[in-house]
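> Show me the folded form of this:
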Amino acid sequence: MADTANDFILVVNGEIKEGYFPGGGKLAVNYEFIHGKQWIIKKVSGTGVNMELGSSQVAIRKAGYDPLYTWNFPLSCTFGASDSYGWPKIVFTVTSPKGKGRDQIKGYGWCHVPLFPGRHQVKVHMFKPRSTSIIQSILGYRQPPELITKMTIAQEEGRAVMRMQTCGTIQVQFDILIEGRHEYNAPVMMQKQYVQTN
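Numbers count the residues shown, from 1 in each chain. Below is the predicted model of the structure:
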């Protein structure tokens, strides 16, 4: 795989710009790339870096004020593959620090890495699990339900039966560079604007 993966290159740069979450408080955003088995994370030499996962700084907004959180947190990762199957996705979690090293999950979201070169603005809708009963919602007031693994939100299996509710959005900017896609039949999309709906 290491040899064939060198023939198809996907370079992902960008930033998690901001998020809209009513209610106020302290929020940070985390991300992690996931991809198919045909893909590898390529090592970058020189000044470049690969950030397959990362956590932003904490942004603070007071309740009753504009619920717009600004992070401007950078993304950078380079992938190699032999074909386009298993195109990379990126999973986001928004957390609120609660002290003693514990964070409370405020929302989950995901999107595909845009399928064509250029700069793209993607709005990602965030969701959080709902309690299955009134009693559970009361008991879980201080510690709401969470997914066992955050990757579940980006997988088809089991996602349809989860009880979720919307909780906000985040805005992500991608700068995409693709090399070798015509030789390996990678997706070609001619739209000027990529919009993620989930």
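> hey, let's count contacts and neighbours off CA atoms from now on
OK.
> Lowest mean pLDDT among the helices and strands, pick that one out for the chain.
Within the chain, no helix or strand scores below helix 134-139, which has a mean of 56 by mean pLDDT, DSSP states H and E.
> Following the chain onward from that one, which element is next?
strand 164-179 (DSSP states H and E).
> Now that next one: buried residues?
Under the neighbour-count criterion of 16 or more other CA atoms under 10 Å, strand 164-179 has 164, 167-178 buried.
> by contact count, what packs against that strand?
Applying 3 or more CA pairs under 8 Å, 6 or more residues apart in numbering; DSSP states H and E, one finds that strand 164-179 contacts strand 8-20, strand 103-112, strand 118-129.
> of those, which approaches residue 77 most closely?
strand 8-20 (5.2 Å; CA to CA).
> Direction included, what does that closest one pair against?
Sheet pairing of strand 8-20 (DSSP bridges) gives strand 68-81 (antiparallel), strand 164-179 (antiparallel).
> In TSV: these, plus mean pLDDT and distance to residue 24.
Compiled in TSV, these are given as follows (pLDDT from 0 to 100; distance: least, CA to CA, whole Å):
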stretch	mean pLDDT	distance to residue 24
strand 68-81	92	9
strand 164-179	90	12
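> In TSV, list those strands along with distance to residue 10.
Shown next, in TSV, are those (distance: least, CA to CA, whole Å):
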stretch	distance to residue 10
strand 68-81	5
strand 164-179	5
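> Now residue 63: closest residue in space, sequence neighbours ignored.
Nearest non-adjacent residue to residue 63, counting by CA to CA, 6 or more residues apart in numbering: residue 24, 4.1 Å away.
> Wait, the one you found touches residue 67, no?
Yes. Using CA atoms under 8 Å, residue 24 is in contact with residue 67, at 6.3 Å.
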